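>>> Kindly generate the corresponding structure for this input.
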Amino acid sequence: MVLLLLILWPIAEIYVAIQIADVIGVLPMLLLLIAGWPVGLWALHSQGRAAWRALSEAVAAGRPPGREVLNGALVVLGGLLMLVPGFITDAIGAFLLLPPTRAIARSVLVRNLHSRVVVRATRWGGRYSYDVDSTATDIDQPQLRS
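Below you'll find the model as predicted:
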C-alpha cells in the first residue's frame, strides 16, 4: 500500500502540474510552485508559534495538553507538506495549517485513533491472562524451575 502511494503520488502531482500549466501557462505554474515554499515557511513559523503558545498555556493551567500537542503535530505536518513541491501537497498543507480546517482534521484523527486504540486494547487484552483480581500467591524459591 505504501509502495503504491509512493508511486502514484508523484504521478498525480505531475498530472496536476501539467493541467495547471495548460490553464495558466508554464511560467505562472512554476512561480506558484516556488511561492509555496516561503508561504509554507511563514505559515509554519506563525502557526507553530501559536501552537507552542497554546501548549505552554495548557501546561501552565494544569490541563492535559493532548489537543495542543495534536495541533502542533498537524501544524508541523502542514508546514512540511507546503515545503514539498507540488500542488496536491500544498493544498493538503494549507488545509492542515488553517485553524478551522485543522480542527476538522484533528477531530477525524482523534476519532480514528480512538477507535484503533480501543480495538488494539481489546485484542491485546484477550491474548494474555492477567491477575486483575490480585489472586496471585508467591512461590517459594526452591519450587521455581530453572
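
>>> The most centrally placed residue in the chain sits in which helix or strand?
Most central in the chain under CA atoms, centre = their mean is residue 74, positioned 5.1 Å from the mean C-alpha point. Per DSSP states H and E: residue 74 is located in helix 66-83.

>>> quick one: that helix to chain centroid distance?
Centroid separation for helix 66-83 versus its chain: 7 Å, with CA atoms, centre = their mean, to the nearest Å.

>>> Which residues outside that helix are in contact with it?
The contact list for helix 66-83, computed with CB atoms under 8 Å, 6 or more residues apart in numbering, reads 36-37, 39-41, 43-44, 47-48, 51-52, 54-55, 58, 89-90, 92-97, 102, 105-106, 109-110. For every residue, glycine as well, the C-beta is placed using N, CA and C.

>>> So how do I select the buried members of these in PyMOL?
A single PyMOL command selects the buried members of those (16 or more other CB atoms under 10 Å):
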select buried, resi 36+39+40+43+44+47+48+51+54+55+58+89+90+92+93+94+95+96+97+102+105+106
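
>>> Inside helices: which ones of the contacts of helix 66-83?
Members of those lying in helices (criterion: DSSP state H): 36-37, 39-41, 43-44, 47-48, 51-52, 54-55, 58, 89-90, 92-97, 102, 105-106, 109-110.

>>> show me where pLDDT drops low in the protein?
Scanning the chain for pLDDT under 70 picks out 116-146.

>>> how about residue 22, what does it touch?
Residues near residue 22 by CB under 8 Å, 6+ apart: none.

>>> mind checking which helix or strand it is in?
Going by DSSP H and E, residue 22 is in helix 2-24.

>>> Would you mind writing the CA trace of that helix as CSV?
What follows is helix 2-24, C-alpha atoms only, in CSV (Å, rounded to 0.1, in the frame of the first residue of the first chain):
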residue,chain,number,x,y,z
VAL,A,2,2.8,2.4,0.9
LEU,A,3,4.7,1.5,-2.2
LEU,A,4,1.7,2.1,-4.3
LEU,A,5,1.3,5.5,-2.7
LEU,A,6,4.9,6.4,-3.3
ILE,A,7,4.5,5.6,-7.0
LEU,A,8,1.1,7.2,-7.5
TRP,A,9,1.7,10.4,-5.6
PRO,A,10,4.4,11.9,-7.9
ILE,A,11,2.4,10.8,-10.9
ALA,A,12,-0.6,12.7,-9.5
GLU,A,13,1.5,15.8,-8.7
ILE,A,14,2.9,15.8,-12.2
TYR,A,15,-0.5,15.4,-13.7
VAL,A,16,-2.0,18.3,-11.7
ALA,A,17,1.0,20.5,-12.5
ILE,A,18,0.6,19.8,-16.3
GLN,A,19,-3.2,20.6,-16.0
ILE,A,20,-2.5,23.8,-14.2
ALA,A,21,0.2,24.7,-16.7
ASP,A,22,-2.3,24.2,-19.6
VAL,A,23,-4.7,26.6,-17.9
ILE,A,24,-2.4,29.4,-16.7
